[in-house]
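**Q** sequence plus predicted model, see below.
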Amino acid sequence: MTVQIYGANPGTKEYLRRQKALTDFLAMGPRRSVEGLWREYVSRRRRDPDGSLGLRRDIPTTNKELLYRWSKEDRWYEQAQAYDAEQQERELRNLSTLRGRVLEDLAVLAPLVLEEFASLLREGRQEIKLKAIETWLDRVGIVRLSTTTMTREILQQTEQRQQQEAEILGAIPPDDASEEEWARWLARLHEAGS
């Protein structure tokens, strides 16, 4: 994306200053703000008060009102939306390219992996064979227990825990109970919650 400067003539000093400010604004990312850009410029200026570090030449201005005026005249937020959309599109293209490369690499490696796996199953010790098969089944999404069985176990555990909590809550000591009795009850409650 080419930044557009509407409020100054190309080649002038003001044009270059506006261009630098807009470029810095866009580089701030999606959470950008004119206020944040102004703070960054002021911070740079304070770090290099006499200009010896070279930070000052990269600061178009530290005048907040001027930055706000430039942002309005040069439509910074509109350009930022277009810039962000372009960046997102570029990232999606890069991701798609990377995904394609990974799939190509997997296609090349798959026969080698299958050969090694077959060799391991033919020549490996029994416990290694079982572990390899279990790992492979896990990777392809096949689990030891069916969803129905796992759900039933989880429900049974939940019911047992709720029943235990109900028993403990049903055994609340009376208000005039001794400190030891309350301590035992609280310890039992704490143990059930763990």
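**A** Sure thing, it's come through. Residues are numbered from 1 along each chain as shown.
**Q** all helices for the protein, in order.
**A** 13-27, 34-47, 64-73, 76-123, 126-139, 147-170, 179-193 (DSSP state H).
**Q** could you tell me the least trusted of these?
**A** Across the helices of the chain, helix 126-139 has the smallest mean pLDDT, namely a mean of 77.
**Q** got the angle between that helix and helix 76-123?
**A** Relative orientation of helix 126-139 and helix 76-123, computed by axes from the mean of the first three to the mean of the last three CA atoms, to 10 degrees: 150 degrees.
**Q** I figured residue 44 hits residue 57, correct?
**A** No. Assessed by CB atoms under 8 Å, residue 44 is found out of contact with residue 57, at 10.2 Å. Any C-beta I mention is one placed from the backbone N, CA and C, and that applies to glycine too.
**Q** for those two, work out which one has more neighbours and name it.
**A** residue 44 (15 against 10; other CB atoms under 10 Å).
**Q** what about that one, distance to residue 124?
**A** 63 Å (CB to CB, to the nearest Å).
**Q** before we move on, what about residue 51?
**A** 70 Å.
**Q** looking at those two, which is more packed in?
**A** Applying other CB under 10 Å to residue 51 and residue 124 shows that residue 124 carries more neighbours, namely 13 against 10.
**Q** tell me the pLDDT at the more buried one?
**A** pLDDT for residue 124: 77.
**Q** now for the nearest residue to it once chain neighbours are set aside: which residues touch it?
**A** Nearest in space to residue 124, with sequence neighbours left out and distances taken as CB to CB, 6 or more residues apart in numbering, is residue 132 at 6.9 Å. Residues counted as contacts of residue 132 (CB atoms under 8 Å, 6 or more residues apart in numbering) are 117, 120, 121, 124.
**Q** which of those are buried?
**A** Buried subset of the contacts of residue 132 (neighbour count, 16 or more other CB atoms under 10 Å): residue 120.
**Q** just want the most central residue of this structure.
**A** Centroid check for the chain by CA atoms, centre = their mean gives residue 30 as the closest residue, at 14.6 Å.
**Q** now that one, what are its backbone angles?
**A** Backbone torsions of residue 30, given as degrees, to the nearest 10, read phi -60, psi -20.
**Q** mind pulling up the pLDDT for residue 7?
**A** Reading off the model, residue 7 has pLDDT 89.
**Q** go ahead and confirm it touches residue 71.
**A** No. Taking contacts as CB under 8 Å, residue 7 lies outside contact range of residue 71: 10.2 Å.
**Q** compare those two and say which is more crowded by neighbours.
**A** Between residue 7 and residue 71, counting by other CB under 10 Å, residue 71 is the more crowded of the two (20 against 13).
**Q** show me what contacts that one?
**A** Going by CB under 8 Å, 6+ apart, residue 71 touches 25, 34, 77.
**Q** and those residues, which of them are buried?
**A** Buried among the contacts of residue 71 (16+ other CB under 10 Å): 25, 34.
**Q** I'd like the contacts of residue 71 laid out as JSON lines, including distance to residue 163.
**A** Output for the contacts of residue 71, formatted as JSON lines (distance: CB to CB, whole Å):
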{"residue": "25", "distance to residue 163": "61"}
{"residue": "34", "distance to residue 163": "61"}
{"residue": "77", "distance to residue 163": "59"}
